[in-house]
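Asker: Take a look and give me a structure for this.
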Amino acid sequence: MKLLRLKISMPISRRRVDQYKIELRNPCRQGKKLLVLDIDYTLFDHRYLLQLMRPFLHDFLTAAYAEYDIGLQPGISSLVPAITNLGVLSNPNYKITALLDYLAMITVQFDSRGIFDCKPLCLIWTQFPEFYSSKNTIMFDDLRRNFAMNPQNGLIIKPFKKAHSSRDSDHELLKLTTYLLAIAELDDLSNLDHNNWQSLSEDNVKGRRRHQ
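Answerer: Numbers count the residues shown, from 1 in each chain. I've put the predicted structure just below:
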């Protein structure tokens, strides 16, 4: 069987866009950028029920909400009760715009990487073109393959695992808050290299804005 390349997989994404309808939990806000978040090993570690929440989670989401609409996309639907129990869907300091389930994922095939599921941002952009595009969207995920169709918009986050022993030393969300708020001032996020996010201070990002 001949292996498909990503460019041949794009019609698969089109069919999924036509079939899957995103239901908003809260209205999209004009002028806000979009932050799409993975859940497991990004926001919490589901294996440790008593200490599963990543440190500074609510502070991070509160700060991000000032500049970004927030979409959550778990890889499996069974994770939804966990974020509900953590108060993520009912916190008074921020609102979740949309909760996408595993049906929003598509299967792609690469010559070099084989077959796997990923999370196409075009599904969101096509349904809400007046609000979101590649220029104002960023996705956090602990698995790079999940944004294989949108590599320029993806930021690989350090996985939050072994919560019982790592939570006291994990400051990932604090550092990412600084980065998110810095790039929120940019008109176009699509020319940023999110692979180097840790080396970009707030002053450096603002400097880039002056030269756009």
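
Asker: all strands of this structure, in order?
Answerer: Using DSSP state E, the strands of the chain run over residues 33-37, 68-72, 98-99, 106-110, 114-118, 137-141, 154-156.

Asker: Sketch out the low-pLDDT regions of the protein for me.
Answerer: Along the chain, segments meeting pLDDT under 70 span 1-17, 46-51, 75-78, 109-114, 116, 162-168, 200-212.

Asker: show me the contacts for the spatially closest residue to F160 that is not a sequence neighbour.
Answerer: Take F160 and drop its neighbours on the chain: the residue closest to it by Cβ to Cβ, 6 or more residues apart in numbering is R54, 4.7 Å away. C-beta coordinates here come from the backbone N, C-alpha and C atoms, glycine included. By Cβ atoms under 8 Å, 6 or more residues apart in numbering, the contact set of R54 is T42, L43, F44, D45, F160, A163, R167, D170, E172, L173.

Asker: got a winner among those residues for most neighbours?
Answerer: L43 (27 neighbours; other Cβ atoms under 10 Å).

Asker: Do I have it right that it meets P55?
Answerer: No - the criterion here is Cβ atoms under 8 Å, and L43 misses it with P55 at 10.8 Å.

Asker: before we move on, back to that, would you format the strands of the chain as JSON lines with distance to L192 included?
Answerer: Shown next, in JSON lines, are the strands of the chain (distance: least, Cβ to Cβ, whole Å):
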{"stretch": "strand 33-37", "distance to L192": "12"}
{"stretch": "strand 68-72", "distance to L192": "15"}
{"stretch": "strand 98-99", "distance to L192": "23"}
{"stretch": "strand 106-110", "distance to L192": "24"}
{"stretch": "strand 114-118", "distance to L192": "20"}
{"stretch": "strand 137-141", "distance to L192": "8"}
{"stretch": "strand 154-156", "distance to L192": "9"}
